[in-house]
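pasted the sequence and its predicted model underneath.
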Amino acid sequence: MVAFAGVLVEGILRGVILAALVSMLLLIRRAARPHVAMLGRIPGTRRYSDLTRHPENERVPGMAIFRVQSSLFYFNVDHVRDSIQRQLAAVAPPRTVVFDFATSPQMDLAGARMIVQLHDELDARGIRFRVADAHADVRDMLRAEGADEKLGGVHRSTTLDAVIAEEIAGRAAAPAAT
């Protein structure tokens, strides 16, 4: 629509340039404010998707699972952190928060620092923080920031389903040990 209106008002060249600029601004806006989904298990599967879009998904008891639909960079980490905190405030406090990196192929230093800060904030509240499905570049950045030790290791074989199974098994074993 911008190109059409721009061409009618300003001519072909200026109209196309205007449309290109508007498209770039929309892309930047989308990258700066990515969708942060709280996930639930798709019934009858071992897969997870957005609870807001699919309310029939099953919540994992005692857990909040998040997936960001973007890489984590300095210009979007505040939005991601705020979105996670807002969604956590809207539900009963979980015992564990899991951050699924399956749709976040890259991360810069600000993203790694945000993950460490999120871990520290949740840890202070007695909530475990885990990561899953981290791509190689994300794992490297988390290790460079020292998050590997805090997060109990960041490995390529750590899948979302494996983290959830470990947390559930750990809870089941905990009462027997006391």
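Received it, and whenever you're ready, just let me know what you need. Numbers count the residues shown, from 1 in each chain.

for the protein, give me the ranges with low pLDDT.
Applying pLDDT under 70 to the chain flags residues 172-178.

output the longest helix belonging to this protein.
Secondary structure of the chain read by DSSP state H shows that its longest helix is helix 12-32.

quickly list the domain ranges of this protein.
Domain ranges of the chain: 1-32, 34-177, per automatic domain parsing.

so which of those domains is the most surrounded?
Greatest average neighbour count among the domains of the chain goes to domain 34-177 (a mean of 16), per mean count of other C-beta atoms under 10 Å. To be clear about C-beta, it is placed using only N, CA and C from the backbone, and glycine gets the same treatment.

on that earlier part again, okay, the longest helix of the chain in PDB with CA atoms only?
Output in PDB follows, covering the C-alpha atoms of helix 12-32 (Å, rounded to 0.1, in the frame of the first residue of the first chain):
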ATOM      1  CA  ILE A  12       7.800   5.800  -9.300                       C
ATOM      2  CA  LEU A  13      11.400   6.200  -8.000                       C
ATOM      3  CA  ARG A  14      10.500   8.000  -4.800                       C
ATOM      4  CA  GLY A  15       7.400   5.700  -4.200                       C
ATOM      5  CA  VAL A  16       9.500   2.600  -4.400                       C
ATOM      6  CA  ILE A  17      12.200   4.100  -2.200                       C
ATOM      7  CA  LEU A  18       9.600   5.100   0.400                       C
ATOM      8  CA  ALA A  19       8.100   1.600   0.400                       C
ATOM      9  CA  ALA A  20      11.600   0.000   0.800                       C
ATOM     10  CA  LEU A  21      12.300   2.300   3.800                       C
ATOM     11  CA  VAL A  22       9.000   1.500   5.400                       C
ATOM     12  CA  SER A  23       9.600  -2.300   4.900                       C
ATOM     13  CA  MET A  24      13.100  -1.900   6.600                       C
ATOM     14  CA  LEU A  25      11.500  -0.100   9.600                       C
ATOM     15  CA  LEU A  26       8.900  -2.800  10.000                       C
ATOM     16  CA  LEU A  27      11.600  -5.500   9.900                       C
ATOM     17  CA  ILE A  28      13.700  -3.700  12.500                       C
ATOM     18  CA  ARG A  29      10.600  -3.200  14.700                       C
ATOM     19  CA  ARG A  30       9.800  -6.900  14.500                       C
ATOM     20  CA  ALA A  31      13.400  -7.900  15.300                       C
ATOM     21  CA  ALA A  32      13.400  -5.500  18.300                       C
END
